[in-house]
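Trainee: A structural model of the following input is requested.
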Amino acid sequence: MRRAQSLAESSGVASRIAIELIKQKLLAQERLVRDKFLDDSSAEVISSQRHALMKATSREEIRRCEAHGALAYWRVWHTLVLQYPRSESQRIPEHWRVFGSRISPLTKSPRVAVNPANAMLNYLYAILESEARLAISELGLDPGLGVLHSDSRTRDSLACDLMEPIRPQVDGFLLDWLRGGSLQRKWFFEERDGNCRLTGEFAAELSETSKLWKQALGPFAEWMLHALWSSNSSASRIEVPATRLTQDRKREAKGIPTQLSPESGSIQRALVTNIFCDELRIIPKLARLDRFDPVAQSRRAESQRRQVAAQRAWNPTEKPDWLDEKTYRERVQPQLLRIAAPKIMSALSISEPYAQRIRGGRCIPHPRHWQRLATIVGVLAG
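Mentor: You can find the predicted model right below:
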């Protein structure tokens with residue numbers, strides 16, 4: 001595997017891996033901008049760069065597409081307002097009140113942030129990079145030999161490559177955090193040069209997200225390993241690489257659906273919505289957390305806000321007159337038992353436990369969902 005990794009540039013697999021990783025990143029950025037910022041114009045710019053990426057033939061072209069997409073992506077973040085308790089508003093510097101630019105005036109790069117939001121993001125990225133380095137090392141690859149980032153004595157280039165498709169997940173987590181509550185002045189301090197730093201207690205709280213990034217990285221790391229293995233001329237005589245991160249080989253042995261399975265043509269990766277890869281079906285699920293975990297609470301709050309907004313926006317006149325609660329109970333609900341829970345999840349944009357409860361008849365969903373469920377099971381008027 002190390003030999004295949006060292007020859008990846010000449011074999012062409014390095015370019016293929018780099019394009020796939022950046023494509024996943026741009027697609028996730030596009031969806032975040034479209035769904036959370038409601039900015040279709042910026043999302044279209046990112047989409048255009050994703051399509052241009054497929055024609056890239058060199059590292060420089062790949063980086064150019066990524067950079068142009070990043071300009072549109074971070075532009076929508078620039079004016080994001082940060083919330084603080086009213087009692088602390090007089091002590092908050094003006095440049096701490098918005099997300100601002102990702103480029104720090106101290107370094108002309110994202111490093112050494114000058115406001116809390118960028119300091120949090122830099123720290124979360126550092127956790128992600130650490131988990132990426134561990135994942136790569138566990139698979140037996142060299143984390144310093146990258147496919148997109150240039151080799152450098154001061155960084156592990158392949159770990160930086162592997163981070164790329166997961167960065168939008170980290171961004172989305174931070175965005176939910178910033179919108180879900182107020183930042184506390186006590187979580188941050190400012191050094192003499194203007195560098196904004198996190199206190200140890202708050203940094204420790206953010207570090208608890210490492211298990212999320214570890215699980216999100218696993219399928220991508222194993223996909224990359226499999227792509228390198230497939231490029232080896234003697235791959236047919238060498239055992240398929242072990243799936244140490246996702247344990248898919250053990251699932252296969254037990255007859256459990258796996259996260260990675262060869263398919264012809266394109267395949268889908270489910271995160272919140274589907275993203276396409278070229279060789280393997282990658283369906284990572286975020287770690288199941290304790291209900292009191294800050295990450296779980298943030299997810300739950302975001303889901304509740306989304307559902308409440310959808311209920312308020314729904315017009316009851318949109319529901320057909322014939323589709324009342326009695327019709328739903330007698331004609332629609334019994335037919336749901338033959339429909340797989342993932343299909344209900346996708347149709348209604350709900351969680352798996354809730355989809356299972358609807359499927360089993362243990363609860364009646366909101367009336368705005370009745371028509372879509374009736375369509376799924378083929379129940380028509382009359």
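
Trainee: Poorly predicted segments of the chain, please.
Mentor: Within the chain, the segments meeting pLDDT under 70 span 233-240, 248-299, 382.

Trainee: quick one, domains of it?
Mentor: If the domains of the chain are taken from automatic domain parsing, they occupy 2-277, 315-377, with pieces of a single domain joined by a plus sign.

Trainee: Looking at the ones you listed, spot the one closest to Gln307.
Mentor: In terms of Cβ to Cβ, the element of those nearest to Gln307 is domain 315-377, at 8.0 Å. Yep, even glycine has a C-beta here, placed from its N, CA and C like the rest.

Trainee: Quick check: which of the domains of the chain has the most neighbours on average?
Mentor: The highest average neighbour count among the domains of the chain, using mean count of other Cβ atoms under 10 Å, belongs to domain 2-277 at a mean of 17.

Trainee: chain center to that one, what's the gap?
Mentor: Averaged C-alpha coordinates place domain 2-277 at 8 Å from its chain's average position (Cα atoms, centre = their mean, to the nearest Å).

Trainee: and Phe189, which of the three is it?
Mentor: Taking DSSP: H, G, I helix; E, B strand; the rest coil as the rule, one finds Phe189 in the strand state.

Trainee: from what I can see it touches Thr199, true?
Mentor: Yes. When contacts are counted by Cβ atoms under 8 Å, Phe189 is listed as touching Thr199 (6.4 Å).

Trainee: in the chain, which spans are strands?
Mentor: Using DSSP state E, the strands of the chain run over residues 188-190, 196-198, 267-270, 274-277.

Trainee: What pairs with the second one, parallel or antiparallel?
Mentor: The pairing partners recorded for strand 196-198 under DSSP bridges are strand 188-190 (antiparallel).

Trainee: residues in contact with the partner strand?
Mentor: Applying Cβ atoms under 8 Å, 6 or more residues apart in numbering, the contact partners of strand 188-190 are Pro93, Trp96, Pro116, Ala119, Cys196, Arg197, Leu198, Thr199, Phe202.

Trainee: Go ahead and confirm the second one touches Leu82.
Mentor: The one in question is Trp96. Yes. Using Cβ under 8 Å, Trp96 and Leu82 qualify as a contacting pair, with a distance of 6.8 Å.

Trainee: Give the residues shared as contacts by those two.
Mentor: With contacts taken as Cβ under 8 Å, 6+ apart, Trp96 and Leu82 have Asn115, Pro116 as neighbours in common.

Trainee: just to revisit the earlier point, which one of the contacts of strand 188-190 sits closest to Leu162?
Mentor: Here the nearest of those to Leu162, counting by Cβ to Cβ, is Ala119; it sits at 23.3 Å.

Trainee: Trp187 versus the closest one, what's the distance?
Mentor: In this structure, Ala119 and Trp187 are 9 Å apart, going by Cβ to Cβ, to the nearest Å.

Trainee: out of everything not next to it in sequence, what's closest to the residue nearest the centre of the chain?
Mentor: Closest residue to the average C-alpha location of the chain: Gln169 at 3.1 Å, with Cα atoms, centre = their mean. Computed as Cβ to Cβ, 6 or more residues apart in numbering, the closest residue to Gln169 that is not its neighbour in sequence is Ala216, at 5.8 Å.

Trainee: The one you found reaches Ile166, doesn't it?
Mentor: Yes. Because the distance of 5.1 Å satisfies Cβ under 8 Å, Ala216 is recorded as touching Ile166.

Trainee: Which of the domains of the chain sits closest to Arg305?
Mentor: Proximity of those to Arg305 was assessed by Cβ to Cβ; the nearest stretch is domain 2-277, lying at 8.2 Å.
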